[in-house]
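Chemist: Task: produce atomic coordinates for the following.
(one chain, ligands or ions: 3)
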Amino acid sequence: MGVDNSKIVYTRTDEAPALATYSFLPIVQKFTKAANIEIETKDISLASRILANFPEKLTDKQKQADALAELGQLAQKPEANIIKLPNISASIPQLKAAIAELQLQGFAVPNYPEEPENDNEKEIKSRYDRIKGSAVNPVLREGNSDRRAPKPVKQYAKKNPHAMGEWSSDSKTHVATMTSGDFCSNEKSVTMAEADEVKIEFIDQNGNTTILKEKTSLLSGEVIDATVMSKKALISFLEEQIADSKEKDVLFSLHMKATMMKVSDPIIFGHAVEVFFKDVFEKHAETLEEAGVEVNNGFGDLINKLKRVPDAKREEIKADIQACYEKGPKLAMVNSDEGITNLHVPSDIIIDASMPAMIRNSGKMWDTQGNLQDTKAVIPDSSYAGIYQETIDFCKKHGAFDPTTMGTVPNVGLMAKKAEEYGSHDKTFEIQGNGSVRVIGSAGNIITEHTVEKGDIWRMCQTKDAPIKDWVKLAVNRAKATNTPTIFWLDKNRAHDTELIKKVNTYLPEHDTTGLDIRIMSPVEATRFSLERIAAGQDTISVTGNVLRDYNTDLFPILELGTSAKMLSIVPLMNGGGLFETGAGGSAPKHVQQFNKEGHLRWDSLGEFLALAVSLEHLGETNNNSKALIIAEALDQATIKFLDHKKSPSRKVNELDNRGSHFYLALYWAQELAKQTQDNDLQSEFAIIAKELANNETKIITELNNAQGSTVDMGGYYWPDVEKVSKAMRPSTTLNSIIEA
Ligand SMILES: NC(=O)C1=CN([C@@H]2O[C@H](COP(=O)(O)OP(=O)(O)OC[C@H]3O[C@@H](n4cnc5c(N)ncnc54)[C@H](OP(=O)(O)O)[C@@H]3O)[C@@H](O)[C@H]2O)C=CC1
Ligand SMILES: O=C(O)CCC(=O)C(=O)O
Ligand SMILES: [Mg+2]
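Modeler: Ligands and ions are numbered 1, 2, ... in the order given. Next up, the predicted model:
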């Protein structure tokens, strides 16, 4: 064999999934130990990543290993078997909050220098910049993605439909997107004929050159695209949309990925805040500057920093803010009770989850009174906005989807080797003057050139050939395995997609596709085609680039299953290993708030159960471990039973929560192992455990439910106290003693 992969790495992350791990991991360790599998944990939480980057500021006891770097290396090895739970892709406000908490806990990590004033601060900022945003996913995702609703999960959703808001044909809800001057319209794309090292430079109007990035190495066959968002076009678009929301009497809402994938999005978010509160920002420019307001961190940053402003001035600004609210359209609210608008915090409105949530809610969002209202969903760049307008049009015409009959849309997504927008982070620049930006080859040849103005956002992406080839192969494999129509969502009128279409047409014939229905359609056409089929109960595989992977794997699951937490999410790593992600959703900060307040955790670990089963199966197959295969199969059966018996966490306090759901999973898993006859050792060991768990069911559930109903002190949000949380998440001594026996 040569490859030793009797080990599974289980990640510790943040927020709700991290809490769930405290309860679930001991169970996992108990079951896998019986097959000689070692479960190693790696802490890739935001706080741990901060600590790992500043060893010189910490005592020996405080130091953290750089788990992310270690996992990044492991992901490139054939023995990799990693279970990854969702983590915080930190926005700057989240990063700052985590730093402040760590400092309070006695870790001498430095502040985040937003505007570094010397070399030392620049160095600190550059370290933090490696931690924020999508710092984790692109490092681990050394393969393309296969996300789908497994059959039992889909069947369960059909039998137990989630609530779906009705749609009316006269809904005023719509998407607003730019028609010119945006990334989509300005994109230029080139496939490299041979490997090269390119330079990115800015040339001002006087012919002075500034190097933006000295060296980017490109492989032969690599697709690069460069594009620019015009600040002027963006501002006038935002002004128009604000006026139009007022006129049409719909809520103004902004939907972006301002924490991840694209470092351009916080800047765009900042412009939206500034345009909406234009009168405040113009009139008080100097005061706000002095107070250190960072508009890219959302309107909430202004509110927080008002305390630094002298009293009289503060009252004046507050009155001007009020005037903006009165003059402008109604703003969509994230939390109407607390007055948090859609423009307050960039990480509160993450488009992949926020748009489907709106569509599931009859196309409505909350106003300041907590009433649902029709909405203008502003998605500035037009590259992918059309899929949501198409979905809205479909719902207006046909009414809401019916989860009891609808088909499914799985996804095969291109993301390996920092494909597409994942690779843009170190190649995105806010342009400092008028002139042009060029990508120059080593022979001095101009590869792309854009005329730019001060404030424009220029960015470049790169997509390597091998990941594209692998993505086509994965699509064909999924098409074959399911005999389902398979659509590449690529637009022949978009520069980047044109290059990808050429490659798809080259690589598809390398596979035997006899009898398969594989087509290429633009994202808008593909949406309509898939929606028509889904409504008729039919399935359609979507094969997409990286951003649509992100969007589609929340959009369809949220419509079909009520949440993307129930998705199977596999990343077959290009070098042979496996990365198994749990669900397709995020770290659910709302769930932590509820847990703190009333001791009830409604995080649904179904994604973890699904990921663990495929991880065990992968281990069993690559390591000839028959016990692992039996345990995997038993886990799948247990998960089906778990769904049948409706043991998912309830949303309400004093009912079954995440911890109780883990008990039932353990019970069913043990019962399945006791039932099988292929392995006597497993059978006898788990027969005893199954019996003990079953005999103590009432006692355990009582102990677990009694732990609910009061506040929980975690001793920290980003860096909680291990003992406190462990105690809170494992309150049943009866269950603990069975698991630890
Ligand atoms: N793969 C990753 O690592 C990802 C990380 N993130 C991170 O997560 C944070 C929050 O992002 P956001 O976009 O709000 O996404 P979330 O998925 O956390 O929130 C959206 C909603 O999804 C539902 N949800 C998601 N997972 C579960 C689950 N297991 N059990 C029950 N409900 C679930 C909840 O819906 P409801 O209220 O309807 O129950 C939740 O309120 C951010 O910090 C972001 O960076 C986000 C996406 C992916
Ligand atoms: O890093 C990303 O792609 C964002 C995380 C996410 O939302 C996802 O993978 O679905
Ligand atoms: Mg997503």
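Chemist: So which bits of the protein are right by ligand 1?
Modeler: Residues of the chain lying close to ligand 1 (CB under 6 Å from any ligand atom) are 86-89, 137, 259-260, 347, 350, 353, 563, 565, 583, 585-590, 603-604, 607. Where you see a C-beta, it was placed from the backbone N, CA and C, and this is true even at glycine.
Chemist: give me every residue that touches the most centrally placed residue in the chain.
Modeler: Nearest to the mean C-alpha position of the chain, by CA atoms, centre = their mean, lies residue 586 at 5.5 Å. With contact taken as CB atoms under 8 Å, 6 or more residues apart in numbering, residue 586 is in contact with 86, 350, 353.
Chemist: and residue 664, what pLDDT?
Modeler: Looking at residue 664, its pLDDT stands at 98.
Chemist: Which positions in this protein make contact with ligand 2?
Modeler: For the chain, the residues in contact with ligand 2 (CB under 6 Å from any ligand atom) are 89, 134, 137, 260-261, 352, 550, 553, 584.
Chemist: Buried among the residues of the chain next to ligand 1? Make that a ChimeraX selection.
Modeler: Only the buried entries of the residues of the chain next to ligand 1 go into this ChimeraX selection, using 16 or more other CB atoms under 10 Å:
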select :86,87,88,89,137,259,260,347,350,353,563,565,583,585,586,587,588,603,604,607
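Chemist: Now intersect the residues of the chain next to ligand 1 with the helices, please.
Modeler: Assignment to helices by DSSP state H places the following of the residues of the chain next to ligand 1 there: 137, 353, 589-590, 607.
Chemist: Mind checking which of the residues of the chain next to ligand 1 are in strands?
Modeler: Taking DSSP state E, every one of those sits outside strands.
Chemist: for the closest residue to residue 96 other than its chain neighbours, what are its contacts?
Modeler: Once flanking residues are discounted, residue 96 sits nearest to residue 112: 5.5 Å by CB to CB, 6 or more residues apart in numbering. By CB under 8 Å, 6+ apart, the contact set of residue 112 is 92, 95-96, 99, 124-125, 128.
Chemist: what about residue 112, distance to ligand 2?
Modeler: 21 Å (CB to the nearest ligand atom, to the nearest Å).
Chemist: Over to residue 202?
Modeler: With distances taken as CB to the nearest ligand atom, residue 202 is found 28 Å from ligand 2.
Chemist: Phi, psi for that residue please.
Modeler: Main-chain dihedrals, residue 202, degrees, to the nearest 10: phi -110, psi 130.
Chemist: Over to the one 4 residues further on?
Modeler: Dihedral angles phi and psi of residue 206 (degrees, to the nearest 10) take the values phi -90, psi 10.
Chemist: same question, the one 5 residues further on
Modeler: Recorded main-chain torsions at residue 211 are phi -80, psi 120, according to degrees, to the nearest 10.
Chemist: A strand includes residue 10, no?
Modeler: Yes - membership of residue 10 in a strand is supported by DSSP: H, G, I helix; E, B strand; the rest coil.
Chemist: Now do it, the pLDDT please.
Modeler: 98.
Chemist: now residue 6
Modeler: According to the prediction, residue 6 has pLDDT 87.
Chemist: what's the straight distance from one end of stretch 704-714 to the other?
Modeler: Distance between the two ends of stretch 704-714: 17 Å, counting by CA to CA, to the nearest Å.
Chemist: thought residue 728 was touching residue 707?
Modeler: Yes - Residue 728 lies in contact with residue 707 (CB atoms under 8 Å); the separation is 7.3 Å.
Chemist: Now do the shared contacts for those two.
Modeler: Shared contacts of residue 728 and residue 707, defined by CB under 8 Å, 6+ apart, comprise residue 599.
Chemist: Which one's more surrounded, the two?
Modeler: It is residue 728, of residue 728 and residue 707, that has more neighbours when counted by other CB atoms under 10 Å, with 23 against 20.
Chemist: Can you flag the buried ones in the contacts of residue 112?
Modeler: When those are checked for burial by 16+ other CB under 10 Å, the buried set is 92, 95-96, 99, 124, 128.
Chemist: can you name the two of the residues you listed that are farthest apart?
Modeler: Among the buried ones among the contacts of residue 112, the pair separated by the greatest distance (CB to CB) is 92 and 124, at 13.8 Å.
Chemist: so what's residue 691 up against?
Modeler: Contacts of residue 691 were listed using CB under 8 Å, 6+ apart, and they are residue 674.
Chemist: Quick check: chain neighbours aside, which residue is closest to whichever residue of the stretch 1-150 of the chain sits closest to ligand 2?
Modeler: Nearest residue of the stretch 1-150 of the chain to ligand 2, counting by CB to the nearest ligand atom: residue 137, 3.5 Å away. Spatial nearest neighbour of residue 137, chain neighbours left out: residue 89 (7.0 Å); criterion: CB to CB, 6+ apart.
Chemist: where in the stretch 1-150 of the chain is pLDDT low?
Modeler: 1-5 (pLDDT under 70).
Chemist: That one: strands as residue ranges?
Modeler: Ranges of strands in the stretch 1-150 of the chain, per DSSP state E, counting those that start in this stretch, are 7-12, 38-43, 81-84, 145-148.
Chemist: could you say what helices and strands the first one packs with?
Modeler: So that's strand 7-12. Here strand 7-12 touches helix 15-33, strand 38-43, helix 67-74, strand 81-84, helix 606-622, going by 3 or more CB pairs under 8 Å, 6 or more residues apart in numbering; DSSP states H and E.
Chemist: As CSV, these with distance to ligand 3 would be great.
Modeler: Output for the helices and strands packed on strand 7-12, formatted as CSV (distance: least, CB to the ion, whole Å):
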stretch, distance to ligand 3
helix 15-33, 14
strand 38-43, 22
helix 67-74, 19
strand 81-84, 13
helix 606-622, 12
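Chemist: I'm done for today, thanks for sticking with me.
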